[in-house]
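Q: Kindly return the folded structure for what I paste below:
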Amino acid sequence: MALGIHLTAAVLMQGIATAIIFMLPILAKKEFAATDWQVAILTAAPTIMFVVSIFWNEALQRITLARFSLVYWAAACLPLGLIGALYYTPLRGQLWPLVVLQIIASIGGAGWPALNGELLKRVYSDSNRGRVYGIVSAVAMIGGALVMLGIGKWLDVSSSSYSLYLPLAAGLQLVAALLLGVLARYSGAERPGTPQDSRTLLQHVIEPISHMREVLAGDRVFARYEAAFMTYGIGWMVCYALVPLLVTDKLKLSYDQIAGSTHMTFLISSTIMTVPAGWLMDKLGPSKMACLSFGIYFAYPILLMLATNPTQLSFASAIYGIAAAGVSVCWMLGPVNLAPSPDKVPQYVAIHATLVGLRGAVFQFFGVWLYTATGSFYAPLTLAAAGFGWAAWQMWRLGPMMGMRGRLKKA
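A: The predicted structure is shown next:
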């Protein structure tokens, strides 16, 4: 029963969100005449704003999981729904409200890792968490692929259809938020929030940052795990920022072609591999799984460089999906496994997500700058391949330390 509730909520919340967020910069480019740098801002915002995840963790500790789910919806999902509603106001066709609401939604979206991580830790055991995460992610991605296909075809029929599908999506995500509250209560994962204390607003802002530094300084294995993910982020952030420009500036694809050869292909490939990736995660552990996945990722920017048509782009996206399936379980379950106790899980996951925001703020814009400065995708995508290769080496070196830590934990 708990898994069924979780699967439904995942499809409605994350499946819909991934499709909408991916298509939004392309919509801005095609329908709102956004410049390359404005497209970069819209593309980068969801990952850059992960930098505030550490503060969302503070909020999560103060209220129940059910109530936080509703807060998350109001902050992350409702603003995207309002973008569609603006079509019926005098602000119709203006880019700046879309950018503002996207940034607000991105700030809200940074609350997801801490909530998701705590639910995974409290609802499922260490022995099956990887497999359950793989199943939930796979089902969410199937839903996301179908939503992506529908959005692409709907936009090709009517470029103003965002005025309908964005509010509809927000309504469905509200149902998902309510289901997450039901999951927390039904599974016994729900817990009371901590009472308000006498700390000032400034202390609430500073203390999460100082605690993050303390954790990274005191937990050497976790710090090296994060360092490897920072290096991997060079490659991922550069590729992520350039794909919307590649499909519009270089390949000049339609909405339907973009949806089919990029995000939908990625989701199908990733869906097929997510359950095996979860199983491998349980067998190999986070560092070996990440090393393997980063190694596969090395091919992705090279294939993007060589792509000249939708078929070749689809092949690159399929490789992207295979690699991402492995990274996904390492991204979420690595910090969950490394946290010393369940109550520390949201903090570890929030630290991990916050560092995502830091690397996103640097490397997405650096990748776009390299592209605009050279007039070619070769230089930034070569940098991306180097980042993936170096990250794989870092995880390989970390393997013995992770293995020793796992044996000590079992003992």
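
Q: Who are the packing partners of whichever helix or strand residue 391 is part of?
A: Following DSSP states H and E, one finds residue 391 within helix 378-410. In terms of contacts (3 or more C-beta pairs under 8 Å, 6 or more residues apart in numbering; DSSP states H and E), helix 378-410 is packed against helix 220-245, helix 286-297, helix 299-306, helix 345-374. Heads up, the C-betas are built off the backbone N, CA and C, glycines and all.

Q: Can you add mean pLDDT, distance to residue 39 and mean neighbour count and give the ones you listed back as a markdown table?
A: Listed next are the helices and strands packed on helix 378-410 as a markdown table, based on pLDDT from 0 to 100; distance: least, C-beta to C-beta, whole Å; neighbours: other C-beta atoms under 10 Å:
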| stretch | mean pLDDT | distance to residue 39 | mean neighbour count |
| --- | --- | --- | --- |
| helix 220-245 | 90 | 5 | 22 |
| helix 286-297 | 92 | 23 | 24 |
| helix 299-306 | 96 | 16 | 20 |
| helix 345-374 | 81 | 8 | 22 |
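
Q: Tell me which of these lies nearest to residue 6.
A: helix 345-374 (16.5 Å; C-beta to C-beta).

Q: so what does that closest one touch, helix or strand wise?
A: Using 3+ C-beta pairs under 8 Å, 6+ apart, helix 345-374 sits against helix 36-48, helix 53-62, helix 112-123, helix 201-218, helix 220-245, helix 310-338, helix 378-410.

Q: how about the helices and strands packed on helix 378-410 in CSV, adding distance to residue 336?
A: Output for the helices and strands packed on helix 378-410, formatted as CSV (distance: least, C-beta to C-beta, whole Å):
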stretch, distance to residue 336
helix 220-245, 11
helix 286-297, 9
helix 299-306, 26
helix 345-374, 6
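
Q: Now do the buried residues in the helix holding residue 391.
A: By neighbour count with 16 or more other C-beta atoms under 10 Å, helix 378-410 contains the buried residues 380-381, 383-392, 394-396, 398-399, 402, 405.

Q: Check stretch 31-43 too.
A: Quick answer for stretch 31-43 (16+ other C-beta under 10 Å): 31, 32, 34, 38, 39, 40, 41, 42, 43.

Q: same thing with stretch 61-73?
A: 61, 64, 65, 66, 67, 68, 69, 70, 71, 72, 73.

Q: which one among these gets closest to residue 90?
A: residue 73 (27.2 Å).

Q: and the residue lying closest to the closest one once chain neighbours are set aside, what helix or strand is that in?
A: Distances taken as C-beta to C-beta, 6 or more residues apart in numbering place residue 177 nearest to residue 73, at 3.9 Å, with adjacent residues excluded. Assigned by DSSP H and E, residue 177 belongs to helix 162-187.

Q: Now do that helix against helix 112-123: the angle between them, please.
A: 30 degrees (axes from the mean of the first three to the mean of the last three C-alpha atoms, to 10 degrees).

Q: Does anything pack onto helix 162-187? Which helices or strands?
A: Using 3+ C-beta pairs under 8 Å, 6+ apart, helix 162-187 is in contact with helix 2-10, helix 16-31, helix 65-72, helix 78-85, helix 112-123, helix 129-157.

Q: Save these as CSV, and put in distance to residue 271 and mean pLDDT too.
A: As requested, those are arranged in CSV below (distance: least, C-beta to C-beta, whole Å; pLDDT from 0 to 100):
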stretch, distance to residue 271, mean pLDDT
helix 2-10, 12, 89
helix 16-31, 12, 90
helix 65-72, 24, 93
helix 78-85, 23, 95
helix 112-123, 18, 84
helix 129-157, 4, 84
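
Q: could you dump the ones you listed to a markdown table with distance to residue 294?
A: Listed next are the helices and strands packed on helix 162-187 as a markdown table, based on distance: least, C-beta to C-beta, whole Å:
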| stretch | distance to residue 294 |
| --- | --- |
| helix 2-10 | 25 |
| helix 16-31 | 21 |
| helix 65-72 | 30 |
| helix 78-85 | 31 |
| helix 112-123 | 20 |
| helix 129-157 | 18 |
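
Q: Which of those sits closest to residue 262?
A: Closest among the helices and strands packed on helix 162-187, once you apply C-beta to C-beta, is helix 16-31, at 7.6 Å.

Q: mean confidence for stretch 44-54?
A: With pLDDT averaged residue by residue, stretch 44-54 scores 82.

Q: before we move on, what about stretch 252-263?
A: 86.

Q: Go ahead and flag the most central residue of the chain.
A: In the chain, the centroid-proximal residue (C-alpha atoms, centre = their mean) is residue 47; its distance is 7.0 Å.

Q: on that earlier part again, give me the angle between the helix holding residue 391 and helix 345-374.
A: 160 degrees.

Q: Next one: the residue nearest to the centre of the chain relative to residue 53, how far apart?
A: 11 Å (C-beta to C-beta, to the nearest Å).

Q: repeat for residue 76
A: Distance from residue 76 to residue 53, by C-beta to C-beta: 12 Å.

Q: who touches both of the two?
A: Counting by C-beta atoms under 8 Å, 6 or more residues apart in numbering, the residues touching both residue 76 and residue 53 are residue 111.

Q: what sits up against stretch 281-296?
A: Contacts to stretch 281-296, defined as C-beta under 8 Å, 6+ apart, come from residues 127-131, 133-134, 225, 228-229, 232, 277, 280, 319, 322-327, 329-330, 333-334, 337-338, 388-389, 391-392, 395-396, 398-399, 401-403, 406.

Q: same deal with stretch 20-33?
A: 34, 38-39, 42-43, 46, 80, 83, 93-95, 98-99, 102, 109, 147-148, 151-152, 155, 159, 162, 165-166, 169, 244, 247-248, 255, 258-259, 262-263.

Q: Next up, the contacts around residue 143.
A: Contacts of residue 143 were listed using C-beta under 8 Å, 6+ apart, and they are 10, 11, 12, 15, 16.
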